[in-house]
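Participant: quick one, structure for this:
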Amino acid sequence: MSHVPSRDGAPRLHATALVEPGVELGARTSVWDNVHIRGPATIGHDCIIGEKTYVAYGVKIGDFVKINAQVYVCTGVTIANRVMIAAGVIFTNDRYPRAFDPAGGGLADSGPNEDTLETTVHEGATIGAGAIIGPGLTIGAYAMVGMGSVVTSDVPPHGLVFGNPARLRGWVCVCGEPRGEGIEPARPGTTCGRCGRAS
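Facilitator: Numbers count the residues shown, from 1 in each chain. Okay, the predicted model is just below:
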């Protein structure tokens with residue numbers, strides 16, 4: 001990685017990354033090639049921001065977050081600790097966007113307004129490659145969104161969703177292993193075959 005030298009846990013920035021003033025980067029966070037992070041934005045420590053990813057202003061990203069290549073993170077998105085966002089994921093923040101201002105007819109302002117909706121991805125969740133996340137949603141803690149899904153409604157904690165539109169198909173453990181039978185959650189007292197956690 002060609003980057004600005006890191007000293008004492010300072011963030012590592014690839015020479016081609018564009019990090020605007022007002023961006024806060026935590027210790028040991030790596031920002032790869034051709035990433036654009038607009039300010040202000042906050043990114044925690046020990047994160048990876050993959051190549052050609054775009055992070056809009058106002059975005060808040062926690063600690064130990066992995067964002068793979070070519071991810072689009074728009075204004076209004078909050079990503080908690082230990083979240084994984086796979087390659088090519090797209091977030092959205094407006095249900096009825098227009099290029100023009102309906103009142104004046106000119107080009108619409110690109111800044112947030114009353115139509116900008118907030119999305120939160122809670123701790124430990126995973127969003128699979130190529131998924132599209134609709135505006136104003138909550139992705140629950142340790143939930144898992146399958147690759148290529150189009151998510152149009154909230155995902156419960158530990159929920160496994162996939163498809164277009166994404167639907168609840170099951171449940172996953174903290175470690176990511178499926179639990180229970182289909183959409184029936186694991187019975188209380190049973191343990192995960194992968195990590196041994198109890199339900």
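Participant: the longest strand belonging to the chain: partners in the sheet, and parallel or antiparallel?
Facilitator: Criterion DSSP state E: the longest strand present in the chain is strand 166-172. If you go by DSSP bridges, strand 166-172 pairs up with strand 159-163 (antiparallel), strand 178-179 (antiparallel).
Participant: show me the contacts for the nearest residue to Gly111 once chain neighbours are set aside.
Facilitator: Counting by C-beta to C-beta, 6 or more residues apart in numbering, Gly111 lies nearest to Thr75, which is 8.0 Å off, once chain neighbours are set aside. Where you see a C-beta, it was placed from the backbone N, CA and C, and this is true even at glycine. By C-beta atoms under 8 Å, 6 or more residues apart in numbering, the contact set of Thr75 is 56-59, 93, 111-112, 116.
Participant: put the buried members of the residues you listed into a ChimeraX selection.
Facilitator: In ChimeraX syntax, the buried subset of these is picked out as below (16 or more other C-beta atoms under 10 Å):
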select :56,57,58,59,93,112,116
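Participant: ok, the contacts of Thr75 vs His36, which is closest?
Facilitator: Distance to His36 across these (C-beta to C-beta) is lowest for Ala56, with 9.2 Å.
Participant: which residue packs closest to that closest one, ignoring adjacent ones?
Facilitator: Spatial nearest neighbour of Ala56, excluding adjacent residues (C-beta to C-beta, 6+ apart): Thr75 at 4.4 Å.
Participant: returning to what we had before: in TSV: the strands paired with strand 166-172, plus mean neighbour count, distance to Ser149 and mean pLDDT.
Facilitator: Converted to TSV, those look like this (neighbours: other C-beta atoms under 10 Å; distance: least, C-beta to C-beta, whole Å; pLDDT from 0 to 100):
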stretch	mean neighbour count	distance to Ser149	mean pLDDT
strand 159-163	21	5	97
strand 178-179	20	16	90
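Participant: now render the ones you listed as CSV, adding distance to Asp46.
Facilitator: Below are the strands paired with strand 166-172 laid out as CSV (distance: least, C-beta to C-beta, whole Å):
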stretch, distance to Asp46
strand 159-163, 26
strand 178-179, 28
